[in-house]
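Enquirer: give me coordinates for this.
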Amino acid sequence: MAEQALNSTERWVVFALVGMGHLVSHIYILALPPLFALIKADLEVSFAALGMLVTAFHIATGAMQIPAGWAVDAVGARKTLVSGLTLAAASMALLGVAESYAVMMLLVVLAGIGNSVFHPADYAILSNRVAERHRGKAFGFHLLAGNLGFALAPILMVSLAAAFSWRWALAAVGVSGLGVALCMVLFGQGLKAAKAVAKQPCSHEESGASRSFLTPALWVMLVFFILISMVTAGIQSFAVSAFAARDGLSLELGNAALSAFLTASFIGVALGGIIADKLRSPVLVVAGAMVAGALALAAIAWLTMPIAMLVTAMAIAGAAIGLMRPARDLMVNAVTPPGMTGKAFGFVGTGLSVGGAIAPVTFGWLIDIGAPGHIFMLATIFLVLSVVAALMAQLLGANRSSSVRG
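Expert: Model (predicted):
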């Protein structure tokens, strides 16, 4: 339940500020890879060393998400969000003047730490400040902003580097992030979400439950996040290679199929928030979407398709995964104990990092052993398991609510 319902204008200010922050955070995630060739020539380091910068960024983000969630609930979402964005933005800007690899490594770690605040802080703000009937759309808008950041990052970084230099490109996106942080300070009164506060428990059982945010339902949602992350990371990383190895598709046709998956996922997120708000049953949206996605990926795994059908099947899978995401976040919100939204979303958000780390190795190994088609079957299995996880989380959350009321 929202801490205090916002009017239409206030709601859109919150959407805009949270969305801009999330967009910037996703640009930062992909800021370095498009510049690798230029940085390599300038600093005379290997591509492996440059890859370690990205790895360090993700490790720092994943490791700090739970502490960031605690900070959100302890000192407030707005303060945590502004502090994290400022740290990430300043670190990115300073990368533009770094003269050594060691300094760059330090700065990307700091940027990763700053980047860890976005999911716990953003979801705490949206959960506490947006009325329940608009919350699915709020989560969908938040996800769309992040996806837009991913889409803009390669074009933006390459364009800035071509016009100026790779150093100016990093400095520019860093300074832009500082500008967003300043907007949050000046216009972000609506970003103030409720902090966790001590309450008098109604019973001994409720007291014990309130002492820990790690409910069984949240543990299951962590598994859900890992499974979905493995599917998306695996397909994004190796679908094109799998199509080439198994079906002999050219890179152009393989990328067309992957683009259909990504574009449909973007559209699915936009529709998913609206559908979740209309149906008011996020678990049904999640389960239905994952079944549809699993059927599409199973068809790709088992059937020989003409390219038009393959693109269509990839689009269905992408749309299903995108459609699920706002409802997934509503499920997390529903099974989170009061006043612990930051910690809960920080906790399940680590699943994205875990899945993203495991999937490339696992799916790449399947191609290495001569089983490229198996990546789609493995993704199908993960989606089926995600349906089981969603239903389990719903059941566990319902049981906990009943026991607390009792």
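
Enquirer: any low-confidence regions in this protein?
Expert: Low-confidence segments of the chain (pLDDT under 70): 1-8, 190, 192-213, 398-406.

Enquirer: per-domain residue ranges of it.
Expert: Split into domains by automatic domain parsing, the chain comes to 8-191, 204-399.

Enquirer: quick check, Leu87 in contact with Gly112.
Expert: No. Using Cβ atoms under 8 Å as the test, Leu87 is too far from Gly112 to be in contact (9.7 Å). In short, each C-beta sits where N, CA and C put it, glycine included.

Enquirer: name the residue in those two with the higher neighbour count.
Expert: Gly112 (26 against 20; other Cβ atoms under 10 Å).

Enquirer: for the more buried one, what are its contacts?
Expert: By Cβ atoms under 8 Å, 6 or more residues apart in numbering, the residues touching Gly112 are 56-61, 64, 88.

Enquirer: can you report how many residues lie near Arg133?
Expert: By the criterion of other Cβ under 10 Å, Arg133 has 12 neighbours.

Enquirer: secondary structure class for Gly364?
Expert: helix (DSSP: H, G, I helix; E, B strand; the rest coil).

Enquirer: Ala233 is in contact with that one, correct?
Expert: No. With contact defined as Cβ under 8 Å, Gly364 does not count as touching Ala233 (10.9 Å).

Enquirer: more neighbours, those two?
Expert: Neighbour comparison, Gly364 and Ala233: the larger count goes to Ala233, with 19 against 15 (by other Cβ under 10 Å).

Enquirer: secondary structure element for the more buried one?
Expert: Here Ala233, judged by DSSP states H and E, is contained in helix 216-247.

Enquirer: Ser176 now?
Expert: Element membership of Ser176, judged by DSSP H and E, is helix 166-187.

Enquirer: next one: that helix to chain centre, how far?
Expert: From the chain centre to the centre of helix 166-187 is a distance of 21 Å (Cα atoms, centre = their mean, to the nearest Å).

Enquirer: going forward, the N-terminal residue is numbered 57.
Expert: Taking 57 as the first residue, the last one we looked at is helix 222-243.

Enquirer: show me what counts as buried in it.
Expert: Using 16 or more other Cβ atoms under 10 Å as the test for burial, helix 222-243 gives 222-223, 225-230, 232-234, 236-237, 239-240.

Enquirer: and stretch 344-351, by the same measure?
Expert: 344-346, 348-351.

Enquirer: between those residues, which is closest to Ser321?
Expert: Gly349 (10.0 Å; Cβ to Cβ).

Enquirer: about what we covered before: now, among the contacts of Gly168, which is nearest to Gly405?
Expert: Thr117 (9.0 Å).

Enquirer: and stretch 390-406, what's buried?
Expert: Neighbour-count burial for stretch 390-406, counted by 16+ other Cβ under 10 Å, picks out 390-393, 395-406.

Enquirer: mark which of those are part of helices, please.
Expert: Of the buried residues of stretch 390-406, the ones assigned to helices by DSSP state H are 390, 397-406.

Enquirer: on that earlier part again, closest to Ala273 out of the buried residues of stretch 390-406?
Expert: Val391 (3.8 Å).

Enquirer: distance of Leu242 from Leu73?
Expert: Going from Leu242 to Leu73 by Cβ to Cβ, to the nearest Å gives 10 Å.

Enquirer: before we move on, back to that, tabulate the buried residues of stretch 344-351 (JSON lines), appending distance to Leu386.
Expert: Shown next, in JSON lines, are the buried residues of stretch 344-351 (distance: Cβ to Cβ, whole Å):
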{"residue": "Gly344", "distance to Leu386": "14"}
{"residue": "Ala345", "distance to Leu386": "13"}
{"residue": "Met346", "distance to Leu386": "15"}
{"residue": "Ala348", "distance to Leu386": "18"}
{"residue": "Gly349", "distance to Leu386": "18"}
{"residue": "Ala350", "distance to Leu386": "21"}
{"residue": "Leu351", "distance to Leu386": "24"}
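
Enquirer: turn these into a markdown table, columns for distance to His198 and secondary structure.
Expert: Formatted as a markdown table, those follow (distance: Cβ to Cβ, whole Å; DSSP: H, G, I helix; E, B strand; the rest coil):
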| residue | distance to His198 | secondary structure |
| --- | --- | --- |
| Gly344 | 22 | helix |
| Ala345 | 18 | helix |
| Met346 | 21 | helix |
| Ala348 | 23 | helix |
| Gly349 | 21 | helix |
| Ala350 | 26 | helix |
| Leu351 | 28 | helix |
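
Enquirer: residue contacts, Phe206?
Expert: Phe206 neighbours (Cβ under 8 Å, 6+ apart): 82, 85-86.

Enquirer: out of the residues you listed, which are buried?
Expert: Those of the contacts of Phe206 that meet the buried threshold are 82, 85-86, by 16+ other Cβ under 10 Å.
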